[in-house]
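Peer 1: Starting from these lines, generate the structure:
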Amino acid sequence: MGLVNDVYALRWQLAAATAAVYALTKFRAYWRLRAFKGPLGSGFTNFWHTRSLLRWNSHLWYDDVCSKYGTSAEPKSPFSSPYSSLC
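Peer 2: Numbering: from 1, shown residues only. Modelled structure (predicted):
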């Protein structure tokens, strides 16, 4: 039980360390992709992609994004919209 108590006593430090590692990995990925332009926040989150899929207008959204930012903005995920290749 000593290990469990030690981990429990350090729970806030472990949570802070986990959050810091997560934030650093997100920032590192964003920093690598900064040359590719796209919608605000798209380097940190999938909000725009999810919103367009839930509204059933992803083909229109991707057409708009590709016309603004070029074909480098289209998703490369196997779970991406089937209309993304129309850019």
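Peer 1: for the record, mean pLDDT for whichever helix in the chain runs longest?
Peer 2: Counting by DSSP state H, the longest helix found in the chain is helix 11-32. Helix 11-32 comes out with an average pLDDT of 89.
Peer 1: which other helices and strands contact the helix or strand following that helix?
Peer 2: The first helix or strand that comes after helix 11-32 along the chain, using DSSP states H and E, is helix 47-54. Using 3 or more Cβ pairs under 8 Å, 6 or more residues apart in numbering; DSSP states H and E, the elements in contact with helix 47-54 are helix 58-69. C-beta here means a position set from N, CA and C on the backbone, and glycine is covered the same way.
Peer 1: Would you mind pulling up the elements that the helix it packs on packs against?
Peer 2: Helix 58-69 packs on helix 47-54, going by 3+ Cβ pairs under 8 Å, 6+ apart.
Peer 1: The helix it packs on relative to helix 58-69, how many degrees between them?
Peer 2: Helix 47-54 and helix 58-69 are oriented at 150 degrees to each other (axes from the mean of the first three to the mean of the last three Cα atoms, to 10 degrees).
Peer 1: In helix 47-54, which residues are buried?
Peer 2: 48-49, 52 (16 or more other Cβ atoms under 10 Å).
Peer 1: how far does the longest helix of the chain sit from the chain's center?
Peer 2: Taking Cα atoms, centre = their mean, to the nearest Å, one finds helix 11-32 lying 14 Å from the centre of the chain it belongs to.
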